[in-house]
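**Q** okay, predicted coordinates and the sequence, questions at the end:
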Amino acid sequence: MAKSTKRQAGRSKTRPTGKGLSKSGPADCLAAGRGRLLKNWLANVKSLPGARILELVPEADVRAEMDRLVEVLPAAFRAGPAEELEAPALAELVELVRDVSATWAKRGLGVSEMAHWLFSLGAAMREVLMEKFSRDVPALREAVSDAIRLTDKLLLAGIETFESARDEIIAQQSRSIMEVSTPVIKLWERVVMLPLVGVIDTPRARQVMERLLNSIVQTESRVAILDVTGVPMIDTRVAQHLMKTVAAAEMMGAEVIVTGISPDAAQALIKLGIQADALNTKGTLQAGVAEAFRLLGLKVTET
Amino acid sequence: MKVPILRLGDILLTSIQVELTDQETLDFQADVLRTAKETAAKGIIIDITAMTVVDSYTARVLNETATMAKLLGTPVVICGIQPAVAMALVEMGRGFAGVETALNLDHAMWKLHRLIQEEREEPST
C-alpha cells in the first residue's frame, strides 16, 4: 500500500514537467526492446494464416528490412506519432515503408499482406509496451494509442505507394500488350488480313484503325479482312469502333470483310441496334477469303 | 491557285496538290463541271493523295461535285485518301458517302472503267 502511494506520488511529480518525458518513456523502451520487438514481429508475420510474404520474398531480405525499420522506429516514435506523414521526423521511417511497399507490389504481393505486415508491427509494439508499462495503465494507454496512430500512418503511406506501384505495373503491361497485339498479314496480292485478339478498348481500336489503313496504303490492298474470332465480347463501343474502321477503309476505296462474329456477338449487335447490315460479313475466315477472291475476280481451282 | 484539269482520252484527270481556300474549292467545283460538259468526258478522277488535311467543308464540296457530275452523266472516282484523312473524316461523322473512292490512281482507273461500262449499259437494259 505504502509502495503504491509512493509510486503514484512519484508519477504525479513527473507529470506536470511536460509531456515529453512520458513520450520518451515508451520510445526508449522500444529502443531498448529492439531485439524483442523484432522477434515478436517476425513471429507475428510468420503466424499469419495464408501469408505469402516469406514465400515470395527471401526471408533474409524481409529480416533486413524489418531490422532497419525497427532501428529508426524509436526516433520517429519520440518525435511524435501525431506528426503529419510528410513531417521530417517521420521521413526516414516512411521512406523505408514506401520502399518495402513498392518492392512487394512488384513481387506480386497483395495489399492485404502489406497491411498484415504493418499490423503485425503494431501488435509487436503493443506487446513490448504492455510488458514495460503493465503497472502503469494511463501511461500504457497513451503509449499504445501512440503506437496505433503511428502504425495507421505507416499503413496509409504503404497503401499509397502500393497503389501507385501497381498502377505503374498495369500501365506497363497494357503498353506491352499494345505492342504485340495487332499483326497485319498480307494474305494475297492486294489482300490484307487483321486478326483481332483480345479485348478492344478505345486506344486499341484507334491503333487497329491506324494499322489497317496504313497497311492498305502500303500494300495497295483492295480488300481487307477483319477477323474478330478472338474478340471475346462485342459491346456498343467495340461495335462502333469496328464500324468506324470499316467506314474509314471503305472511304479510302478498299473493301472490308468482317469474319468470325460469334452468335453471342451477333445477338448483341442486333439488340444494341447497330446498323450491322452495312458491313460485309462472313461467318468464317474461309468464307471471308473466298469472298475476297471473288471481289478481286480470282478463282481457286483444283489441279 | 487554279487546279489543272487534264484530259486523258475520254476521262478527266485532276489532282489537288495544295490546300485550297473555300473560294478556290468552289471555283474548282465549277471548273470541273464546266470542263466535263465541254469535253463530254465519260468520267472524272479526283486525286487527293497530296492532301494531308481535308476539312469538313472541302469534303462536302468534293462530295457535292461528285453528285453533280453524276447528274451530268459523268461518274467520279476520288482517290488517294490518306489514312489520317479517312480517320479524321470518320471521327467527324462525315465522309465521302455515296462517292466511289479508290486507293490510288491505278485502282481509280479500274473502278472508273467499270462505272463507265455500267453507265453505258444502263439505258439499253
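**A** Good, I have the coordinates.
**Q** can you tell me the helix or strand for the closest residue to A:A278 other than its chain neighbours?
**A** Leaving out its chain neighbours, the residue that sits closest to A:A278 by CB to CB, 6 or more residues apart in numbering or on different chains is A:M243, at 7.3 Å. Every residue, glycine included, has its C-beta placed from N, CA and C. Following DSSP states H and E, the helix or strand that holds A:M243 is helix A:236-251.
**Q** show me what that helix is packed against.
**A** helix A:202-219, strand A:223-230, strand A:255-259, helix B:83-92 (3 or more CB pairs under 8 Å, 6 or more residues apart in numbering or on different chains; DSSP states H and E).
**Q** buried residues in the longest one, which are they?
**A** Taking 16 or more other CB atoms under 10 Å in any protein chain shown as the neighbour-count basis, helix A:202-219 is seen to contain the buried residues A:204-205, A:208-213, A:215-217, A:219.
**Q** so which of these is the closest to B:I46?
**A** Relative to B:I46, the closest of the buried residues of helix A:202-219 is A:V217; by CB to CB it sits at 17.6 Å.
**Q** list the contacts for the closest one?
**A** For A:V217, the set of contacting residues under the criterion of CB atoms under 8 Å, 6 or more residues apart in numbering or on different chains consists of A:252, B:82-83, B:103.
**Q** what about stretch A:152-162, distance to the chain center?
**A** 14 Å (CA atoms, centre = their mean, to the nearest Å).
**Q** mind listing what's buried along it?
**A** Here stretch A:152-162 shows A:153-155, A:157-158, A:161-162 as buried, counting by 16+ other CB under 10 Å.
**Q** any idea how far B:L13 is from the nearest residue to B:T14 once chain neighbours are set aside?
**A** In space, B:T14 comes closest to B:I5 once its chain neighbours are excluded; the distance is 4.6 Å by CB to CB, 6+ apart. The span separating B:I5 from B:L13 equals 8 Å under the rule CB to CB, to the nearest Å.
**Q** cool, and B:A66?
**A** Distance of B:A66 to B:L13, computed by CB to CB: 15 Å.
**Q** between those two, which has more neighbouring residues?
**A** When B:A66 and B:L13 are compared on other CB atoms under 10 Å in any protein chain shown, the one with more neighbours turns out to be B:A66, at 23 against 19.
**Q** surely the more buried one meets B:I78?
**A** Yes. Applying CB atoms under 8 Å, one finds B:A66 in contact with B:I78, separated by 6.8 Å.
**Q** contacts only, for the closest residue to chain A within chain B.
**A** Nearest to chain A in chain B, going by CB to the nearest CB, is B:P83, at a distance of 3.3 Å. Contacts for B:P83 (CB under 8 Å, 6+ apart) come out as A:210, A:213-214, A:216-217, A:248, A:252.
**Q** so for chain A, the centremost residue is which one?
**A** Nearest residue to the geometric centre of chain A (CA atoms, centre = their mean): A:R166, 2.8 Å.
**Q** residue contacts, the residue of chain A at minimum distance from chain B?
**A** When distances are taken as CB to the nearest CB, chain A reaches nearest to chain B at A:L213, 3.3 Å away. Under the criterion of CB under 8 Å, 6+ apart, the contact list for A:L213 reads A:248-249, A:252, B:83, B:86-87.
**Q** and which of the residues you listed is nearest A:R294?
**A** Of all those, the one sitting nearest A:R294 is A:A249; the distance, using CB to CB, is 18.0 Å.
**Q** the residue nearest to that closest one when sequence neighbours are not counted and B:G93: what is the separation?
**A** Take A:A249 and drop its neighbours on the chain: the residue closest to it by CB to CB, 6+ apart is A:V256, 4.8 Å away. Taking CB to CB as the measure, A:V256 and B:G93 are separated by 18 Å.
**Q** neighbour count: these two, which is higher?
**A** A:V256 (21 against 9).
**Q** so which residues of chain B form helices?
**A** Here chain B has its helices, by DSSP state H, at B:22-39, B:56-71, B:83-92, B:105-124.
**Q** and the second one, what does it pack onto?
**A** Looking back up the chat, that one is helix B:56-71. Here helix B:56-71 is seen to pack against helix B:22-39, strand B:43-47, strand B:76-79, helix B:83-92 when contacts are counted using 3+ CB pairs under 8 Å, 6+ apart.
**Q** which one, of the ones you listed, ends up nearest to A:D146?
**A** Set against A:D146 and scored by CB to CB, the helices and strands packed on helix B:56-71 come closest in helix B:83-92, at 58.7 Å.
**Q** who's in contact with B:Y57?
**A** B:Y57 makes contact with B:22, B:25, according to CB under 8 Å, 6+ apart.
**Q** in JSON lines, list the buried residues of stretch A:152-162 along with secondary structure and pLDDT.
**A** Conversion of those to JSON lines gives the following (DSSP: H, G, I helix; E, B strand; the rest coil; pLDDT from 0 to 100):
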{"residue": "A:K153", "secondary structure": "helix", "pLDDT": "85"}
{"residue": "A:L154", "secondary structure": "helix", "pLDDT": "87"}
{"residue": "A:L155", "secondary structure": "helix", "pLDDT": "89"}
{"residue": "A:A157", "secondary structure": "helix", "pLDDT": "88"}
{"residue": "A:G158", "secondary structure": "helix", "pLDDT": "89"}
{"residue": "A:T161", "secondary structure": "helix", "pLDDT": "90"}
{"residue": "A:F162", "secondary structure": "helix", "pLDDT": "88"}
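**Q** which SSE is the closest residue to A:E84 other than its chain neighbours in?
**A** Leaving aside its sequence neighbours, A:E84 sits nearest to A:L90 (CB to CB, 6+ apart; 7.9 Å). Following DSSP H and E, the helix or strand that holds A:L90 is helix A:88-107.
**Q** check the offset of stretch A:186-198 from the chain's centre.
**A** 35 Å.
**Q** just the contacts of A:L213 now: which is nearest A:V228?
**A** Nearest to A:V228 out of these is A:A249 (CB to CB; 14.6 Å).
**Q** out of the buried residues of stretch A:152-162, give me the two with the largest separation.
**A** Spanning the widest gap among these are A:K153 and A:F162, at 14.8 Å by CB to CB.
**Q** return the residues of the stretch 201-303 of chain A in contact with chain B.
**A** A:209-210, A:213-214, A:216-217, A:220-222, A:244, A:247-254 (CB under 8 Å from any CB of the partner chain).
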